[in-house]
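>>> fold the following, please.
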Amino acid sequence: MTTQTFEIPSELRDFAEKSVDQARTAVGTLMSNALKATDQVQSSSQTFQSTMQAAVAKGFDHAQTNANATFDFAQKLVRTKDLREAFELQSEFIRSQFATLQAQAKDFGTLAQNAAR
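Coordinates of the predicted model:
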């Protein structure tokens, strides 16, 4: 008894080879894009973390500045001789703190704008 051998047509082998090459290229492209995406996420995460650290540090600096100003005001207030002097001191403190708070808000706005870039 003779056995017949089945031969795969060359067109089918060529088609299969091209399919494997295309699949290899597609997977390579997918992996490359995945690595790029991972790098972008890491970069964004580091930028966000740096921005948050800067915002927290800026917040503590502003809180310390405001606390010092308030304690200085309180110390000056207890040394006033009359009500008129106390009101003048309070008006000066309020004006000064309002200007300080505006500058601090501007600092945070600049920080937010830089983070958005």
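>>> count the residues that sit near Ala115.
Around Ala115 sit 14 other residues, with neighbours defined as other C-beta atoms under 10 Å. In short, each C-beta sits where N, CA and C put it, glycine included.
>>> any idea how far it is from Arg24?
Look at Ala115 and Arg24: by C-beta to C-beta, to the nearest Å, they are 41 Å apart.
>>> so where's the chain shaky on pLDDT?
1-2 (pLDDT under 70).
>>> do you have the helices of it handy? List them.
10-78, 83-116 (DSSP state H).
>>> what residue is smack in the middle of this structure?
Phe48 (2.0 Å; C-alpha atoms, centre = their mean).
>>> spatially nearest residue to that one (excluding sequence neighbours)?
Ala115 (7.5 Å; C-beta to C-beta, 6 or more residues apart in numbering).
>>> surely the one you found and Thr47 touch.
Yes. The pair Ala115 and Thr47 passes the contact test of C-beta atoms under 8 Å, sitting 7.3 Å apart.
>>> ok, back up a step: and the helices of the chain as CSV, adding distance to Gln4?
As requested, the helices of the chain are exported to CSV (distance: least, C-beta to C-beta, whole Å):
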stretch, distance to Gln4
helix 10-78, 18
helix 83-116, 72
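>>> noted, bye for now.
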